[in-house]
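In: What follows is a predicted structure for the sequence shown.
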Amino acid sequence: MKTLVLVFEFSLILVSLVLSGFWVSDPDGNYEPYIAVVLGITAFLEFARRMVGNRRKIRSQRDLGKRYVDQSHQMHFIKGLPALRRAAHENARELWDGGVTAEMRQGSYDYIDSLQDIWVRLARFYPPNHFGGVEPREYINKYTQDRFSYHRASLEPEGPGTGGTIVGVMAGGGVIEDLEKMIEETVCTLSLNSEPFDYQSWQRDWKGNIQ
């Protein structure tokens, strides 16, 4: 396709030179039909060039995630996620076990931040702005905020502020479950492009040893 476009473009240049020569020798000649044809072909070539470019861009984006997940250091990161999760969970548990509502909420926020960081890193395995047309961090922050709003509303059927301070803790727990699920689903999807990766084993490790 690219070669054909180049041939047409070269032909148009020759035709334009010939028309220019005719115009110089006979300025009063009727060249409008020829010029209209040249302009029409030029517009078609520009359209064809854009179509070829778009196809290449789409093909490149489709292959991007596979190229990333096939890289050994990327797979090493995915395999290490269960250990990262356990460490973040243990840090948060120190605050959860204290029984102080404010500290329990902070523990959830800290753990949520860690889960967001993991999901952002995984989202970068995809083409740029793949999710919602924005950067991964922006998309995931918006998702987290929306889930907080949902869980708070769900826990306070009588209206905002009617559930007490414990609602913040419970809403945080709901958001944590949502983020953990999305990370699992993302890893599952990425694993489809990597035959050596055992997703079922990874999922058991991801869910295990968390009390």
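Out: Everything's here; your move.
In: for stretch 88-102, what is the average pLDDT?
Out: Averaged over stretch 88-102, pLDDT sits at 93.
In: again with stretch 181-201
Out: 86.
In: before we move on, what about stretch 160-170?
Out: The average pLDDT within stretch 160-170 is 90.
In: quick one: low-confidence ranges for the chain?
Out: Scanning the chain for pLDDT under 70 picks out 1-73, 193-195, 209-211.
In: Please parse this structure into its domains.
Out: Residue ranges for the domains of the chain, per automatic domain parsing: 2-62, 71-207.
In: Flag every buried residue along stretch 81-98.
Out: 81, 82, 85, 88, 89, 92, 95, 96 (16 or more other Cβ atoms under 10 Å). Backbone N, C-alpha and C define where each C-beta goes, glycine included.
In: hmm, I was thinking of stretch 187-203
Out: 187, 190, 191, 194, 197, 199, 202.
In: same question, stretch 137-151
Out: Quick answer for stretch 137-151 (16+ other Cβ under 10 Å): 139, 140, 143, 144, 147, 148, 151.
In: Please save the CA atoms from that stretch in PDB.
Out: Taking Å, rounded to 0.1, in the frame of the first residue of the first chain, the C-alpha atoms of stretch 137-151 are listed here in PDB:
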ATOM      1  CA  ARG A 137      -3.000   7.100  37.700                       C
ATOM      2  CA  GLU A 138      -5.800   9.500  36.800                       C
ATOM      3  CA  TYR A 139      -8.100   6.600  35.700                       C
ATOM      4  CA  ILE A 140      -7.400   4.600  38.900                       C
ATOM      5  CA  ASN A 141      -7.800   7.500  41.200                       C
ATOM      6  CA  LYS A 142     -11.200   8.300  39.600                       C
ATOM      7  CA  TYR A 143     -12.200   4.700  39.900                       C
ATOM      8  CA  THR A 144     -11.200   4.600  43.600                       C
ATOM      9  CA  GLN A 145     -13.100   7.800  44.400                       C
ATOM     10  CA  ASP A 146     -16.200   6.500  42.700                       C
ATOM     11  CA  ARG A 147     -16.100   3.200  44.600                       C
ATOM     12  CA  PHE A 148     -15.700   5.100  47.900                       C
ATOM     13  CA  SER A 149     -18.800   7.200  47.000                       C
ATOM     14  CA  TYR A 150     -20.700   4.000  46.100                       C
ATOM     15  CA  HIS A 151     -19.900   2.200  49.300                       C
END
